[in-house]
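*Asks:* would you be able to build a 3D model of this:
(3 chains)
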Amino acid sequence: MGKQETNVVDVRTPRVSIAIPQGEKGDNGQAGAAKEKPLKMRTQGVNVFYGDNQALSEIDLDIRENEVTALIGPSGCGKSTYLRCLNRMNDTIEGCQVEGTVTLDGENIYDRTVDVVHLRARIGMVFQKPNPFPKSIYDNVAYGPRIHGLVSSQDALNEIVMTSLTKAGLLDEVRNRLHEPGTGLSGGQQQRLCIARAIAVNPEVILMDEPCSALDPIATARIEELIDELRKNYTIIIVTHNMQQAARVSQRTAFFHLGVLVEFGDTERVFTSPRDERTQGYITGRFG
Amino acid sequence: MTVSHMSTSKLTAASLHRRHAVEKRFRAYGVVAIVTALVFLIILLSSMLSKGYSAFFQAQIRLPVFFSQDVIDPKRTNSSEIIARANYQILVRNALKARFPDVKKRREVKKLTMLISRGARRHLRAMVAHEPSLIGTTQEVWLLASGDADMFLKGAIPRDIPEKSRRINDRQIAWLNALEEDGASRRRFNVNFFTAGDSREAEQAGIWGAIVGSALTLIVTLILSFPVSVTAAVYLEELSTKNWWTDFLEVNINNMAAVPSIIYGLFGLAIFLNVMHLPRSAPVVGGIVLALMTFPTIIIATRASLKAVPPSIREAARGLGASPAQVVLHHVLPLAMPGIFTGTIIGMSRALGESAPLLMIGMVAFIVDIPQGLFDPASVLPVQIYLWADSPERAFVEKTAAATLVLMVFLVVMNATAVVLRRKFEKRW
Amino acid sequence: MQFFVLAVTLVVLTGIGFFFGRSHALSSVSGRARNLHSLPDYYGWYLALWCGLPSFGLFLLWVLAEPYLIDVLVINQMSAVLPDKWAGSSDLILNLVQSLAAGHTVPGEATPALQEAADHYNALKKTSFAGLAAAMASLVAAGLAWGLRQITPGLRARNQVEKVLRWLLVASATIAVLTTIGIILSLLFETIRFFQLTPFWDFLFGLSWSPQTSIRTDQVGSSGEFGAIPLFTGTLLVTFIAMAVAVPIGLMSAIYMADYASPKIRNIAKPMLEVLAGIPTVVYGFFAALTVGPFLRDVGMATGLEVSSESALAAGGVMGIMIIPFISSLSDDIIAAVPQSLRDGSLALGATRSETVRSVVLPAALPGVISACLLGVSRAIGETMIVVMAAGLAAKLTANPLESVTTVTVQIVTLLVGDQEFDSAKTLAAFALGLVLFAVTLVLNLVALRVVQKFREQYD
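*Replies:* Presented below is the predicted three-dimensional model:
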């Protein structure tokens, strides 16, 4: 039953999945060749508890610079929880406890000396549902640079805003309404605004928590292109429900199941010859 | 690009110290705000407690009272009517004179008798009426001290302030001291405070009249507002479709909740007293006015708990062919009842604390008698507090604070009941 | 008491009607309930409604109208007999007559005329009661007969009963509207009469308020002065002080509770603030008059400032304390309604909590917070007991918070409490003030409620 359904999905979405894999294949080749890319983040023995419930156990995962790492797995498998560990967003949740080490450039981000504010400036995040602030488009993007004191003049701020909007591929659509509220944009535009907002702070890593789940296929395709583009400058970790998406945009894929990291490796390898039968089952649509 | 990341990181780090300082300050403002509010609460409660607790005790003075035949029943008729009509104040005066033989001048004697409450004669009369054989004997009797003497014996009147600025003079202090040394003064639990009506004499004033008045008023309020508001809420939430009329009703109800209470008083005065000629100061009118005020509170609470009943239950009932009224009466309303009761109790506790509108309809009169019915003149607890707060005497300050404490105890009990009810029956769907 | 007996009788008769209707319906189908259109109980209710409703309506009408009618009859009868000196003081006479009739002794003159009136009054009451009882009894009987004739197996009793039920519900809901209309009409009516005695502009823009009308009309200034500006400024001053206390404390508490406090602290602090909200205003008033006023005066004396013991500061400050929980709980709700995703977005950008609150949460919650403050203002303006007990009576045009001022509500109370003749400008002025108060708070409430509603729709 589940298998049939997946087949249906496969048949239904070829347009998107055919368009991108062409470029993707080449990239994958590169990724394969550049396996030695420097380590950006590393997690060792991470356990996460919500009260008495253990959400993640013993996660070891290496994230390499200028790559897209996709986290996949069925709902409730802990992939979003893991993502939120990486910029310590779990700190904001009542009763959440994180054990183990997470390093960014070799430095443990859970160390007492690490300043969360500073850390989050280095690791940006894009959320599942677009969440532009109820401010103008301009102010949304300028928010980060302003609070972090990144600019000393209005001109410099303008430049950052324009660059960020350009990078997020949004500038052409909003050039004439920079001072209208960001909440007035369409869903896809809002999400790109959130991406622009995140890159305006010039983070080293960008975390994306199912950034396309609330968007239609066309908006999704645009975001995926954008992610591929952003990879040149940023390290990206993306949580996704959509396996085609993981295959299209990522170089490495980690499969989570019931709070455990089941399999991690090159995207191509994970999708073509999974080593674990749970991975096999998930990507062939037997469960999830 | 790595270089650019580095510079960004440095820039961010540069302002961190200042930003964390701001953060700490902001957080501190929050703590200060909450602590301030709590300190206010503590000051208020402790001020009432410290001023009011002493009113629960009352000073008494022991005197050897000679129940003189000549005063009580000179013609030896033994008729209870004669005995009841005798002037027992003379007995009190004689007893005091006997205790302090050196007091001779009329004015001095008057000052002396002012130490004993005017209620003492009633006490003596009751003694004789109960036991006529007392006539002709001398008994040691504990008599109620007057308000001023009471205050002095409780230490509420400092001895070192100038004589002119206290209500009790040096001579009286000397007498009281003498009585105290004899062991002829004591403090007892003030039962009278809970059983008597209002009085001009602080030591005889009690809150029973006000409590009964409050109870009568609240009964009227409950009888009127509960059925009306629950049915109105059911109509708005369950049986009406949204249109301009229900929108209008809703605006009206929300506004009613925010109209100043004194406006309800003016409304009550104009309509119930001046147009309908209902009696002034009566619990029935007070109850109607408070019912109008409680109305929106109960409606809003009822609607909230009706809303909390999941639609699946309504659908299930409707699916079995129940009529809309049956759906509501058999399923939704019973499930919403705990919430409705909670809201009602909270509404009632607000009504119990309300006083402004009752001033308008004359429940502010000085009423000694305990009200017997809904049409009798009555006062209520908060208005009694207002009345006593107006009296300049120190003894009434104590009574006011004590009445406040009693009122708060009632409110705490009501609200605690509401909380317990909510905790016990609250369902999470 | 008699009315009570009557009401109980009616309830009992209605209950009997219920059983009668039920059994009649059942017997009409010889006990086979399935042959009835509705459940047997509905036939019971049907008959009960026919029995009880009409006479209950009559009962209500009678109880409400009777005192008025009797008073009018007594006055009419007496006006012929009474000496001229009583003319025009009908309220006073009525009071005397009523206490005589109730068997109390009347101070002074229990003249034969009064005694006669009292007897007349009692007789009228008796007749009225007998009439009511008879009318109700016949209505019950008629209802019973009519209802019984209607009950047939085919009668759609449930639909009929539910229709009546529905109309009862509508009637209940309509009371809200009737009350509002009643308030407006009663205030308006008396206010118009007031403006016939005192010019509108003198009231609204007059600078001097001294409503003491003298007893003899030939005295100077007998008409009193009704310039309400000093009352308005006094009210504004006290309200301003109250809001200056309540808004910062209430808002900061709300922010702290919504965005900072651990559940443990919230569980302690929230009920505490609710206690503050549950304290009756008369207690606050007593606290202001007894503790805060003298305290401020003493502080003033120590520092060489002249502080009135009934200063606006004392009344306003205590009123502020009273409004703190009001502002904090409304703002808390509003701030908590700002979606977590906005906070996450800001925190993920590396904003501190306070930056998040100030630049994202508060701007998003602003409309709600503003309307919470407006409701607070509306409450402060209408608050009565605190100012009656702790603020002054003299109308002064001052902005000095250390002086004593008076407010609109204080004047309404002083004008209406105690002996009053109903038609004097003094009493009517209270209604004019009440109308102003009602209008101002109505506007504030409507604006605030509308804004809150919009805010909630935005994030629902």
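
*Asks:* what about stretch C:384-399, average pLDDT?
*Replies:* The average pLDDT within stretch C:384-399 is 87.

*Asks:* that one spans what distance, first to last residue?
*Replies:* 20 Å (Cα to Cα, to the nearest Å).

*Asks:* ok, now stretch B:321-329?
*Replies:* 14 Å.

*Asks:* what sits against residue A:105?
*Replies:* Applying Cβ atoms under 8 Å, 6 or more residues apart in numbering or on different chains, we find residue A:105 in contact with A:40, A:204. Where C-beta positions appear, they are placed from N, C-alpha and C, glycine not excepted.

*Asks:* let's see it at 6 Å
*Replies:* Under the criterion of Cβ atoms under 6 Å, 6 or more residues apart in numbering or on different chains, residue A:105 has no contact partners.

*Asks:* may I have the phi/psi pair for it?
*Replies:* phi 50, psi 40 (degrees, to the nearest 10).

*Asks:* relative to residue B:404, how far out is the residue in chain B that chain C sits nearest to?
*Replies:* Closest contact between chain B and chain C, by Cβ to the nearest Cβ, is at residue B:260 (2.3 Å). For residue B:260, the distance to residue B:404 equals 22 Å [Cβ to Cβ, to the nearest Å].

*Asks:* residue B:216 now?
*Replies:* Using Cβ to Cβ, residue B:216 is found at 21 Å from residue B:404.

*Asks:* which residue of these two possesses the greater neighbour count?
*Replies:* Using other Cβ atoms under 10 Å in any protein chain shown, the more surrounded residue of residue B:216 and residue B:404 is residue B:404, with 30 against 23.

*Asks:* quick one, what contacts that one?
*Replies:* By Cβ under 6 Å, 6+ apart, the residues touching residue B:404 are B:48, B:385, C:283.

*Asks:* out of those, list just those in helices.
*Replies:* Here DSSP state H is the test, and those give B:48, B:385, C:283 as lying in helices.

*Asks:* how about the residues of chain A by chain B?
*Replies:* Counting by Cβ under 6 Å from any Cβ of the partner chain, the positions of chain A adjacent to chain B are A:115, A:118, A:121, A:148, A:149, A:150, A:202, A:204, A:233.

*Asks:* tell me the SS of the residue lying closest to residue C:251 once chain neighbours are set aside?
*Replies:* In this structure, residue C:251 finds its nearest non-sequential neighbour in residue C:331, 5.6 Å apart by Cβ to Cβ, 6 or more residues apart in numbering or on different chains. When classified by DSSP: H, G, I helix; E, B strand; the rest coil, residue C:331 comes out as helix.

*Asks:* how close does residue C:331 get to residue C:181?
*Replies:* Here residue C:331 is placed at a distance of 33 Å from residue C:181 (Cβ to Cβ).

*Asks:* which of the two has more residues huddled nearby?
*Replies:* A direct count of neighbours by other Cβ under 10 Å for residue C:331 and residue C:181 places residue C:331 higher, at 28 against 12.

*Asks:* for that one, what are its contacts?
*Replies:* Residue C:331 sits in contact with C:251, C:254, C:369, C:372, where contact means Cβ under 6 Å, 6+ apart.

*Asks:* contacting residues for residue B:230?
*Replies:* residue B:302.

*Asks:* next one, pLDDT for it please.
*Replies:* For residue B:230, pLDDT reads 94.

*Asks:* that one should be in a strand, yeah?
*Replies:* No - applying three-state DSSP, one finds residue B:230 to be helix, outside a strand.

*Asks:* what's the closest non-adjacent residue to the residue of chain B closest to chain C?
*Replies:* Residue B:260 sits nearest to residue C:382 (Cβ to Cβ, 6+ apart), 2.3 Å away.

*Asks:* just residue C:336 next, same as before
*Replies:* Going by Cβ to Cβ, 6+ apart, residue C:336 has residue C:258 as its nearest residue, at 5.0 Å.

*Asks:* you'd agree residue B:289 is up against residue B:266?
*Replies:* No - counting by Cβ atoms under 6 Å, residue B:289 stays clear of residue B:266, with 9.9 Å between them.

*Asks:* one step back: just put the contacts of residue C:331 in a markdown table and tack on neighbour count.
*Replies:* A markdown table is the format used below for these (neighbours: other Cβ atoms under 10 Å in any protein chain shown):
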| residue | neighbour count |
| --- | --- |
| C:251 | 24 |
| C:254 | 28 |
| C:369 | 25 |
| C:372 | 28 |
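
*Asks:* in helices only, show me the residues you listed.
*Replies:* Filtering the contacts of residue C:331 for helices - DSSP H - leaves C:251, C:254, C:369, C:372.

*Asks:* quick one, what contacts the second one?
*Replies:* Going back to what we said before, that points to residue C:254. Going by Cβ under 6 Å, 6+ apart, residue C:254 touches C:328, C:331, C:332, C:335.

*Asks:* got the residues you listed as JSON lines, with distance to residue B:144 and pLDDT columns?
*Replies:* Below are the contacts of residue C:254 laid out as JSON lines (distance: Cβ to Cβ, whole Å; pLDDT from 0 to 100):
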{"residue": "C:328", "distance to residue B:144": "46", "pLDDT": "94"}
{"residue": "C:331", "distance to residue B:144": "52", "pLDDT": "93"}
{"residue": "C:332", "distance to residue B:144": "51", "pLDDT": "92"}
{"residue": "C:335", "distance to residue B:144": "56", "pLDDT": "92"}
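
*Asks:* and of the residues you listed, the nearest to residue B:420?
*Replies:* residue C:332 (23.2 Å; Cβ to Cβ).

*Asks:* so how far is chain A from the spatially closest residue to that closest one that is not a sequence neighbour?
*Replies:* Using Cβ to Cβ, 6+ apart and skipping residues adjacent in sequence, the residue nearest residue C:332 is residue C:254, 4.2 Å away. Residue C:254 sits 18 Å away from chain A, taking Cβ to the nearest Cβ, to the nearest Å as the criterion.

*Asks:* for stretch C:178-193, buried residues please.
*Replies:* By neighbour count on 16 or more other Cβ atoms under 10 Å in any protein chain shown, the buried set for stretch C:178-193 is C:179, C:180, C:182, C:183, C:186, C:187, C:190, C:191.

*Asks:* which other helices and strands does the helix or strand harbouring residue C:277 contact?
*Replies:* Element membership for residue C:277 (DSSP states H and E) is helix C:263-278. Helix C:263-278 makes packing contacts with helix B:2-52, helix C:312-337 when contacts are defined by 3 or more Cβ pairs under 6 Å, 6 or more residues apart in numbering or on different chains; DSSP states H and E.

*Asks:* what mean pLDDT does the following helix or strand past the longest one get?
*Replies:* Sequence-wise, the next helix or strand downstream of helix B:2-52 (DSSP H and E) is strand B:57-66. This predicted structure assigns strand B:57-66 an average pLDDT of 88.

*Asks:* what do you get for stretch A:147-159?
*Replies:* 90.

*Asks:* what does the stretch 251-400 of chain C put close to chain B?
*Replies:* C:252-253, C:255-256, C:260, C:269, C:272, C:276, C:278, C:280, C:282-283, C:286-287, C:291, C:321, C:324, C:352, C:354, C:378, C:382, C:384-385, C:389.

*Asks:* any of these buried? List them.
*Replies:* C:252-253, C:255-256, C:260, C:269, C:276, C:278, C:280, C:282-283, C:286-287, C:291, C:321, C:324, C:352, C:354, C:378, C:382, C:384-385, C:389.

*Asks:* good, wrapping up.
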